[in-house]
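*Asks:* Dropping a prediction and its sequence here:
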Amino acid sequence: MQFLFAGLLMAAAVLAPAAGNAGEHSAGPTEAIRFASLRAKEVNVRAGPGVRYHVKWVFVRKRLPVMITAEFESWRKIRDSQKAEGWVHRAMLSAARTVIVQADTMTLRRRASEKSPAVAQLAPGMVARIERCDAQWCRVSVRAYSGWLRRDGLWGLAPNETME
């Protein structure tokens, strides 16, 4: 059984505020709750929907799952697994679905069963690409490994969401 560790991967965002104007946006955003992932290695998160708003922080982790909570023109308000919120341009998001391990070390299994042999151990903070999910298990891939993880302990899925 292989052990995979998150290491510096927990540093998902650099919380270095940038200078700039924060102003309020005049037209209200529309709600559109769904999940996506970050398309680029560096993604600016802004205080509002537009380049005139200051950069609150920069994500420095490609494929990190995020929840889209609102839309305004070509901007999406996102929330990460730590509940931090801000606005990103839609071009910085991908429809490719990922999850992040939030629980203690999770066992990646060959089949969707607690009795199935272990393939690898995933540390908190590791990101895995979703292949499919049912009510209790998700088939995922991470690095060169594929297998099944229990849904509890993962962030990046709606509570009753299944994927085929």
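*Replies:* Received it, and whenever you're ready, just let me know what you need.

*Asks:* Does residue 96 touch residue 38 like I think?
*Replies:* No: using C-beta atoms under 8 Å, residue 96 is not in contact with residue 38, being 9.7 Å away. Heads up, the C-betas are built off the backbone N, CA and C, glycines and all.

*Asks:* Which residue of the two possesses the greater neighbour count?
*Replies:* residue 38 (26 against 13; other C-beta atoms under 10 Å).

*Asks:* Where does the prediction get shaky in the protein?
*Replies:* The chain contains residues with pLDDT under 70 at 1-29, 31-32.

*Asks:* let's see it at 80
*Replies:* 1-32 (pLDDT under 80).

*Asks:* So what are the structural domains in it, by residue number?
*Replies:* Here the domain parsing of the chain from automatic domain parsing is 11-17+29-95, 99-155.

*Asks:* got the end-to-end distance for the last one?
*Replies:* In terms of C-alpha to C-alpha, to the nearest Å, the two terminal residues of domain 99-155 are separated by 5 Å.

*Asks:* overlap in contacts of residue 96 and residue 38?
*Replies:* In terms of C-beta atoms under 8 Å, 6 or more residues apart in numbering, residue 96 and residue 38 are both contacted by the residues residue 63.

*Asks:* still on that earlier bit, and the domains of the chain: which comes nearest residue 164?
*Replies:* Closest to residue 164 of the domains of the chain, according to C-beta to C-beta: domain 99-155, at 5.6 Å.

*Asks:* tell me how far the closest one is from the chain's mean position?
*Replies:* 15 Å (C-alpha atoms, centre = their mean, to the nearest Å).

*Asks:* do the same with stretch 157-164
*Replies:* 14 Å.

*Asks:* Dump the C-alpha coordinates for that stretch into CSV.
*Replies:* Below are the C-alpha coordinates for stretch 157-164, written out as CSV (Å, rounded to 0.1, in the frame of the first residue of the first chain):
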residue,chain,number,x,y,z
LEU,A,157,-19.9,17.6,-3.6
ALA,A,158,-23.5,18.6,-2.8
PRO,A,159,-25.0,16.4,-0.1
ASN,A,160,-27.2,14.2,-2.3
GLU,A,161,-25.3,14.6,-5.6
THR,A,162,-24.5,11.5,-7.6
MET,A,163,-22.4,11.4,-10.7
GLU,A,164,-22.3,8.7,-13.4
